[in-house]
Structures are given as structure tokens and as C-alpha cells.
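J.: Sequence and computational prediction follow.
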Amino acid sequence: GRLSVARHRHSLDYTLDGCFVKLTHAAHEKLVELHRRHCASPGTGERADAVDLRLFALLLRYKTLHGHGFQAAAGPPVFRLLHERLGVTM
């Protein structure tokens, strides 16, 4: 399928193969800037919609985990490292 990005007054809607996620313009601008600073590789022939595809994947991951900020997003290896190196327990 092809990613569709619909721009609305207060948000952007991302849709791909029946999956849907929403993002505010402020959050979109912040994530695009972070991508530009840390991930973008000028001159590598990266697709023009690469940032949108990456944002969709990120948003869909959080939606699958039932919400942004949900701590399970880190995964067991991260929690193991936090415990081993910093003594974090839950």
C-alpha cells in the first residue's frame, strides 16, 4: 500500500493499509526536526516520504502498545540493562 497523510487544521492523519494514526502539528514539527538532526542523510537518495513512513511506524507502535508514554515500549532488554547498571526495580 501507499501511505496517505491528510493535513487538517489541528492534526495530521496517517493511513496505510487500513491502519490509522493521528499526530498534532506541534508534535509533527518536533519529530521532523529530531529526524533532520539525527537521522536524515542528505545525498543518500532517501525517499522524500521517508520521514513520514518512519513517523507512521513510530506512531503505530505506540498505538499498538495502547498509548504514547507507555513504558513497555522500551522492551525487556532495556529494563534488564536499567536493572543491571542502575539498580532500577519495578
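T.: Thanks, I have it. Just so it is clear, the structure is predicted and the values come from calculations on it, not from any experiment.

J.: What pLDDT does the model give the residue most central in space within the chain?
T.: For the chain, the residue nearest the mean C-alpha position is residue 58 (2.4 Å; Cα atoms, centre = their mean). We have a pLDDT of 90 for residue 58.

J.: Could you check which helix or strand contains it?
T.: Using DSSP states H and E, residue 58 falls within helix 50-64.

J.: Tell me the helices and strands packed up against that helix.
T.: On a contact count with 3 or more Cβ pairs under 8 Å, 6 or more residues apart in numbering; DSSP states H and E, helix 50-64 meets strand 11-16, strand 19-24, helix 25-38. Where you see a C-beta, it was placed from the backbone N, CA and C, and this is true even at glycine.

J.: So which bits of it are buried?
T.: Using 16 or more other Cβ atoms under 10 Å as the test for burial, helix 50-64 gives 51, 52, 55, 56, 58, 59.

J.: Could you list the low-pLDDT ranges of the protein?
T.: Residues of the chain meeting the criterion pLDDT under 70: 40, 42-45, 48, 66-73.

J.: Out of the helices and strands packed on helix 50-64, the one nearest residue 5 is which?
T.: With Cβ to Cβ as the measure, strand 11-16 is the member of the helices and strands packed on helix 50-64 nearest residue 5 (5.7 Å).

J.: what distance separates that closest one from the centre of its chain?
T.: With Cα atoms, centre = their mean, to the nearest Å as the basis, strand 11-16 stands 12 Å off its chain's centre.
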